[in-house]
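Peer 1: quick one, what's the 3D model for this:
(chains A, B, C and D)
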Protein chains: 2
Amino acid sequence: MTTIIDVARLAGVSKTTVSRVINNYPHISSDKKEQVLKAMEQLGFTPNPSARRLRGQLATTIAVVVPKIVNPFFSYLVDAIEQVGYRNGYQTLICQTNEDKEKELSYLNLLKTKQADGIIMASIENDWEDIKPYTEYGPIVLCNEYINRPDVPMIRVDQYQGTYIGVKHLIERGHRKIAYCTGGLFTAFGKDKDRNLGYQKALEEAGIQVNPSWILVDKHTIEDGKQVMQLLLDMKDRPTAVFTGSDEIAGGLMMAAKKAGLSVPQDLAIIGFDDQPIAEVLDPGLTTIRQPIEQMGKKAGEVLLNILNQSGPDSAVYELPVELIVRQST
Amino acid sequence: MTTIIDVARLAGVSKTTVSRVINNYPHISSDKKEQVLKAMEQLGFTPNPSARRLRGQLATTIAVVVPKIVNPFFSYLVDAIEQVGYRNGYQTLICQTNEDKEKELSYLNLLKTKQADGIIMASIENDWEDIKPYTEYGPIVLCNEYINRPDVPMIRVDQYQGTYIGVKHLIERGHRKIAYCTGGLFTAFGKDKDRNLGYQKALEEAGIQVNPSWILVDKHTIEDGKQVMQLLLDMKDRPTAVFTGSDEIAGGLMMAAKKAGLSVPQDLAIIGFDDQPIAEVLDPGLTTIRQPIEQMGKKAGEVLLNILNQSGPDSAVYELPVELIVRQST
DNA sequence: ACAAATATTGAAACCAGTTTCAATCATTCT
DNA sequence: AGAATGATTGAAACTGGTTTCAATATTTGT
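Peer 2: Okay, the predicted model is just below:
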């Protein structure tokens, strides 16, 4: 490795001067600056980040915590964050929790050891009380998750609105027997709670009573969707429409429905959430709630970098709008 | 931050001794060792990795270069690599090239600056000649890409076999007019070349002449697939089957075919590549060539960590088998 | 022209660890 | 018992940068 001393020697100056050139220190005579630049060029010198961050506060890497990168929602999010990071000279560490609390905490330790200068959490497994102590070591930005704490910046979408417009859309299509199939619990908090409230509110406005047996929780995958369809088929009083918490569940539901000889949307209307690639590719096309994933990721990255550069903490909540994408499944 | 000196002070030993405890140096009296351990525990001490890697060869992070993380193929790959890394105490940096040569090179620089201890390249934009110099700074493992160089470890699947069994399957189904729709060029090298050879070989064995107008290159996305379908529809002599280079192209093709009133597979048989989630969800289900992505990622991670730990360079080529997944589209 | 302010520069200290080197202490071997 | 060997320990050097401090040179103000 060529070091700053090699450069200094070649340029005939002290390493202090070289360091100043690297960091754009203002008062350097233009001839020396040029010599240093030339020497750096000639030697192909790149400063060693470990050395830089050991002393200064140099920040170059951010970490993104997600449950599973293979979930398109999160890969799109990471995509957006990586791009913002790259444009600003930051590397992006990818941290999969696999919904494991331990793993999440171990990744939070990256802050403590300054292996990451800041963290964007797109999922949160532990209680905030257990995570909060880590904010002492570096900024944490929540993205897609939220909690009732005013002291941490959050980027979120209006989940309440998402469910509300989706269910309302079903009601406008004439449905009154609308099932609700979600990832979280119905007695949830944060994101899931808002979604549930949107469902309840839409029904209430239409004067429809919630039927608890049509509420199915802890569903996530295509496989779950297929099983839910089986449950629906077995019901005496069967819903005519299903609002699902993700396009995957919706996809599984649709596949199983077709297999059972039901036609979508005539026999069963289905609506998804996220607007992932599969929504477009399903037949019939899946009506779904689009979340502005790229925007969320971009915003999360920007908020974090802002904190890192300004050192000014930011605890604002940014809320982005959702959008109903109507296709043929409703 | 608590440092090694704080620990040393509390334990009543020199920082050298603390360092030795951290690194499991053999000759330390058990009482001192215990004191140090206790002090570390008590202070919640974590060694600063920047300081460690500044001196020693401490390795803790690997980088994965992919074109686009939103492509499921690569997100599954990254998933597998991240898991291997995590189990061995490594962080995983995600590097998207977006097919930009500059960006790829800038990520290779991570090796030079020791921000990454090794790199797994799942895509390669620059010529190997331009990448090779970086191997001087740390190990590079090729995964899913390959080149005719015996001096770099590669994990690959038998692409030739993939295309061959796919096309052969179509022939067995009675097709003789088989189009070929691929991402790379037909006059390609490496991965693409092998695929092309598999196509040619299968046709040749069946005594079928290659029809150049049925060979469509530089196709990647669902959108491309739709456009290809339009091209096929406009042909006087239309193929009865299409072998595509990815499930996305196949999906686009299928959507457009159905829209045009063709039924799959009766009017047009379609076969994809990768066995991504959408393959199962398409209607009819997509026959495709499954690549053992998780295994590739796992193997790539293991090979890299092996090199890193043994310091013994490895230039073996690991080839993994592909598998034909027959669904309803053929 | 002289003081005050500003620009330019390098030596040395510093960041938080690891490694080298030498000293001391305890064992083992004739 | 005396020498040789191995265990245990810490001081100091080292990693590659940045920052402080002080010295010197140059400009500016009156």
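
Peer 1: neighbours of residue A:15, how many?
Peer 2: Residue A:15 has 15 neighbours, counted by other CB atoms under 10 Å in any protein chain shown. C-beta here means a position set from N, CA and C on the backbone, and glycine is covered the same way.

Peer 1: which residues touch the residue lying closest to it once chain neighbours are set aside?
Peer 2: Sequence neighbours aside, residue A:8 is the residue nearest to residue A:15 in space, at 4.3 Å (criterion: CB to CB, 6 or more residues apart in numbering or on different chains). Applying CB atoms under 8 Å, 6 or more residues apart in numbering or on different chains to residue A:8 gives the contacts A:14-15, A:17-18, A:36.

Peer 1: near DNA strand D, list only the ones from those.
Peer 2: Taking CB under 7 Å from any atom of the strand as the test, DNA strand D is in contact with A:15, A:18 out of those.

Peer 1: nearest to DNA strand D among the contacts of residue A:8?
Peer 2: residue A:15 (5.0 Å; CB to the nearest atom of the strand).

Peer 1: and chain B, is stretch A:101-114 touching that?
Peer 2: Yes - contact of stretch A:101-114 with chain B (CB under 8 Å from any CB of the partner chain) involves A:103, A:109-110, A:112-114.

Peer 1: looking at those, which one is closest to residue B:165?
Peer 2: Proximity of the residues of stretch A:101-114 next to chain B to residue B:165 (CB to CB) peaks at residue A:103, which lies at 38.5 Å.

Peer 1: what's the local residue count around that closest one?
Peer 2: Residues contacting residue A:103 under the criterion other CB under 10 Å number 18.

Peer 1: same question for residue A:216.
Peer 2: With other CB under 10 Å as criterion, residue A:216 counts 20.

Peer 1: over to residue A:235?
Peer 2: Residues near residue A:235, counting by other CB under 10 Å, number 12.

Peer 1: show me what contacts it?
Peer 2: With contact taken as CB under 8 Å, 6+ apart, residue A:235 is in contact with residue A:213.

Peer 1: so how far is chain B from it?
Peer 2: Noted for residue A:235: a distance of 24 Å to chain B, by CB to the nearest CB, to the nearest Å.

Peer 1: if we can go back for a sec, ok, and the most crowded of the contacts of residue A:8?
Peer 2: Comparing the contacts of residue A:8 on neighbour count, residue A:18 comes out first with 27 neighbours (neighbours: other CB under 10 Å).

Peer 1: show me which residues of the stretch 201-330 of chain A sit near chain B.
Peer 2: A:222, A:251, A:255, A:258, A:277-278, A:280-283.

Peer 1: what's the closest of those to DNA strand C?
Peer 2: Closest to DNA strand C, out of all of those and judged by CB to the nearest atom of the strand, is residue A:277, at 45.2 Å.

Peer 1: pretty sure the closest one is touching residue B:222, no?
Peer 2: Yes - Residue A:277 is within contact range of residue B:222, at 7.3 Å (criterion: CB atoms under 8 Å).

Peer 1: on that earlier part again, which SS state does the residue nearest to residue A:15 fall under?
Peer 2: helix (DSSP: H, G, I helix; E, B strand; the rest coil).

Peer 1: could you measure from it over to chain B?
Peer 2: Applying CB to the nearest CB, the value for residue A:8 to chain B is 18 Å.

Peer 1: which helix in chain A runs the most residues?
Peer 2: If you go by DSSP state H, chain A has its longest helix at helix A:293-310.

Peer 1: is DNA strand D contacted by that helix?
Peer 2: No - remark: helix A:293-310 sits outside contact range of DNA strand D, by CB under 7 Å from any atom of the strand, the gap being at least 14.0 Å.

Peer 1: what is the mean pLDDT for that helix?
Peer 2: Across helix A:293-310, the average pLDDT comes to 92.

Peer 1: what's the answer for stretch A:10-18, then?
Peer 2: Throughout stretch A:10-18, pLDDT has a mean value of 93.

Peer 1: show me how far it is from its chain's centre.
Peer 2: The chain centroid and the centroid of stretch A:10-18 are separated by 45 Å under CA atoms, centre = their mean, to the nearest Å.

Peer 1: please apply the same query to stretch A:130-150.
Peer 2: 14 Å.

Peer 1: just give me the residue closest to the centre of chain A.
Peer 2: residue A:122 (4.1 Å; CA atoms, centre = their mean).

Peer 1: next one: phi and psi at it?
Peer 2: Backbone geometry at residue A:122, expressed as degrees, to the nearest 10, gives phi -100, psi 0.

Peer 1: and the pLDDT at it?
Peer 2: On the pLDDT scale, residue A:122 is placed at 96.

Peer 1: what residues are up against it?
Peer 2: Here residue A:122 is in contact with A:64-67, A:74, A:77, A:143-145, A:300 (CB under 8 Å, 6+ apart).

Peer 1: compare these and tell me which is most surrounded.
Peer 2: Neighbour-wise, those (other CB under 10 Å) top out at residue A:64, 30 neighbours.

Peer 1: make sure that residue is indeed in a strand.
Peer 2: Yes - the assignment for residue A:64 is a strand, going by three-state DSSP.

Peer 1: that one contacts residue A:97, correct?
Peer 2: No - using CB under 8 Å, residue A:64 makes no contact with residue A:97, being 11.0 Å away.

Peer 1: number of residues surrounding residue A:83?
Peer 2: Number of residues near residue A:83 (other CB under 10 Å) recorded here: 18.

Peer 1: repeat that for the one 5 residues further on.
Peer 2: Counted with other CB under 10 Å, the burial measure for residue A:88 works out to 15 neighbours.

Peer 1: against residue A:225, how distant is it?
Peer 2: 39 Å (CB to CB, to the nearest Å).

Peer 1: over to residue A:80?
Peer 2: Distance from residue A:80 to residue A:225, by CB to CB: 27 Å.

Peer 1: what about the two, which has more around it?
Peer 2: Each of residue A:80 and residue A:225 has its neighbours counted (other CB under 10 Å); residue A:225 has more, 27 against 23.

Peer 1: part of a helix, is the more buried one?
Peer 2: Yes - counting by three-state DSSP, residue A:225 is found in a helix.

Peer 1: I figured it hits residue A:252, correct?
Peer 2: Yes - at 2.2 Å, residue A:225 counts as touching residue A:252 under the criterion of CB under 8 Å.

Peer 1: local confidence estimate at the closest residue to residue A:274 other than its chain neighbours?
Peer 2: With CB to CB, 6+ apart as the criterion, residue A:274 has its nearest non-adjacent residue at 5.0 Å, and that residue is residue A:247. Residue A:247 carries a pLDDT value of 95.

Peer 1: now the strands for the stretch 1-150 of chain A?
Peer 2: Remark: strands assigned in the stretch 1-150 of chain A by DSSP state E, counting those that start in this stretch are A:61-66, A:91-96, A:118-121, A:140-143.

Peer 1: could I get these as CSV with distance to chain B?
Peer 2: Listed next are these as CSV, based on distance: least, CB to the nearest CB, whole Å:
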stretch, distance to chain B
strand A:61-66, 8
strand A:91-96, 4
strand A:118-121, 12
strand A:140-143, 16
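
Peer 1: what's the closest of those to residue B:181?
Peer 2: When those are compared by CB to CB, strand A:91-96 sits nearest residue B:181, at 31.9 Å.

Peer 1: quick check: residue A:288 is in a helix.
Peer 2: No - counting by three-state DSSP, residue A:288 is located in no helix; its state is strand.

Peer 1: right, and it touches residue A:279 too?
Peer 2: Yes - the pair residue A:288 and residue A:279 qualifies as a contact (CB under 8 Å) at a distance of 4.8 Å.

Peer 1: which of the two has more neighbours?
Peer 2: It is residue A:288, of residue A:288 and residue A:279, that has more neighbours when counted by other CB under 10 Å, with 30 against 23.

Peer 1: any idea how far the residue nearest to residue A:15 lies from residue B:112?
Peer 2: The spacing between residue A:8 and residue B:112, counted by CB to CB, is 19 Å.

Peer 1: and the residue nearest to the centre of chain A, how close does it get to residue A:154?
Peer 2: Computed as CB to CB, the residue A:122 to residue A:154 distance reads 11 Å.
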